[in-house]
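Peer 1: Sequence plus the predicted model coming up.
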Amino acid sequence: QVHLVESGGGLVQPGGSLTLSCATDEMTLGIYDVGWYRQAPGSERELVAIITNRGVTDYADVAKGRFTISLDNAKSTVSLQMSSLKPADTAVYYCNAHPITVPRGQLEYDRWGQGTQVTVSS
């Protein structure tokens, strides 16, 4: 069973920073790539960033230059550092585990955390 426990969401002012964390386990990191998606009201869920267990990263255009995804193998935790936040970044952020044997974009075997709310507002 895959466990993904998110933390770190909250309210932040425009231009501010926030770090999200997704705690999982060693077994999950061995067979899944772990990343972050987000879903704003009225919008589809979209990929933000993903990292493999070798540390290879991939970012959506909205995240490039502002967000950094990292993996702490010792703690089995994937973090998303977000800076220069904008109101458009307001969404529920979901930790995602994608099987390494499944092509990206095929989400039917993915596992999801419960989500954490990020609100960017003055």
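Peer 2: Perfect, I can see it now.

Peer 1: Looking at stretch 5-12 now, give me its mean pLDDT.
Peer 2: The average pLDDT within stretch 5-12 is 96.

Peer 1: If we go by neighbour counts, what in it is buried?
Peer 2: Neighbour counts over stretch 5-12 (16 or more other Cβ atoms under 10 Å) mark Glu6, Gly8, Gly9, Val12 as buried. Just so you know, the C-beta spots here come from the backbone N, C-alpha and C atoms, and that holds for glycine as well.

Peer 1: Surely the first one touches Leu20?
Peer 2: Right, Glu6. Yes: if you go by Cβ atoms under 8 Å, Glu6 and Leu20 touch, sitting 6.4 Å apart.

Peer 1: contact partners of stretch 99-117?
Peer 2: For stretch 99-117, the surrounding residues in contact (Cβ atoms under 8 Å, 6 or more residues apart in numbering) are 2, 4-10, 20, 22, 31-33, 39, 50, 52-53, 91-98.

Peer 1: Now list the buried members of the residues you listed.
Peer 2: Counted by 16+ other Cβ under 10 Å, the contacts of stretch 99-117 give 2, 4, 6, 8-9, 20, 22, 32-33, 50, 52-53, 91-98 as buried.
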